[in-house]
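J.: next come a sequence and a model predicted from it.
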Amino acid sequence: MLELAILGFLHDAPLHGYELRKRITALTGHVRPVAESTLYPAIKRLEKAGLLARETRPGAVAAPRHMLNLTEDGREELRRRLREADPGDITDENRWFTVLAFLRHLDDPGEQAAVLRRRQTFLQEPASFFYDGERPLRAEELDDPFRRGVLTIARATSRAELSWLRTTLAELDARGA
């Protein structure tokens, strides 16, 4: 997801490493803080693959800054990763938010809708964090108020997201028609 976030933010505008790290941290940092020791190797991998380019610009006050720009190959790679988001990107809430943050970079409403439909299908499948054998447990079946809280909050979040998905899919379908 780090690479997707890098590609997504650089699609918006060229950034230097520090600013890129701040933006990624704002998006995912509460769950997965971004360390320099993780960010800069990822930048180098993407640069080596030809997906981003580095440009040196004079600094406003201090030393020159290395600005990162997305190449055309990088733009296409971002679109490919969004179109072909792997199952973990669809089912893991934090990874899903990263996909969702950049889904606007797919120009085709039909492609955007296809990704949203995958998430919708996942949310409509019966699931729980807690099971009795193979059977998912519902909040009402639990005596533990904390586990009941987990399921109650998750259900409310899923219902809100499904409502948003229905509305957004209708808008995308109307645009694509």
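T.: All right, it came through fine. Numbers count the residues shown, from 1 in each chain.
J.: domain-wise, how is this protein divided?
T.: Listed by automatic domain parsing, the domain ranges of the chain are 1-79, 108-177.
J.: between those, which gets nearest to Asp89?
T.: domain 1-79 (7.4 Å; C-beta to C-beta). Backbone N, C-alpha and C define where each C-beta goes, glycine included.
J.: where's the closest one relative to the chain centroid, distance-wise?
T.: Offset of domain 1-79 from its chain centre (C-alpha atoms, centre = their mean, to the nearest Å): 15 Å.
J.: what about that domain, average pLDDT?
T.: Here domain 1-79 scores 88 as its mean pLDDT.
J.: end to end, how far does that domain reach?
T.: Criterion C-alpha to C-alpha, to the nearest Å; first-to-last residue distance in domain 1-79 is 14 Å.
J.: now stretch 132-143
T.: 13 Å.
J.: go on, stretch 120-129?
T.: 18 Å.
J.: about what we covered before: quick one: which of the domains of the chain is nearest Phe97?
T.: domain 1-79 (7.2 Å).
J.: how much space between the residue nearest the centre of the chain and Leu137?
T.: Centroid check for the chain by C-alpha atoms, centre = their mean gives Thr98 as the closest residue, at 1.2 Å. From Thr98 across to Leu137, the span is 29 Å (C-beta to C-beta, to the nearest Å).
J.: and Ala35, by the same measure?
T.: 37 Å.
J.: okay, the two: which has more neighbours?
T.: The neighbour comparison of Ala35 against Leu137 (other C-beta atoms under 10 Å) goes to Leu137, with 15 against 10.
J.: which residues of this protein fall in helices?
T.: 2-12, 17-28, 36-48, 72-83, 87-91, 93-102, 109-124, 145-176 (DSSP state H).
J.: could I get these as CSV with distance to Arg57?
T.: As requested, the helices of the chain are exported to CSV (distance: least, C-beta to C-beta, whole Å):
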stretch, distance to Arg57
helix 2-12, 15
helix 17-28, 12
helix 36-48, 16
helix 72-83, 19
helix 87-91, 33
helix 93-102, 25
helix 109-124, 34
helix 145-176, 38
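J.: right, so the ones you listed: which one is the most enclosed?
T.: Of all those, helix 2-12 has the most neighbours on average by mean count of other C-beta atoms under 10 Å, namely a mean of 21.
J.: and the angle from that helix to helix 72-83?
T.: In terms of direction (axes from the mean of the first three to the mean of the last three C-alpha atoms, to 10 degrees), helix 2-12 departs from helix 72-83 by 120 degrees.
J.: circling back: closest one to Asn94 among the domains of the chain?
T.: domain 1-79 (4.7 Å).
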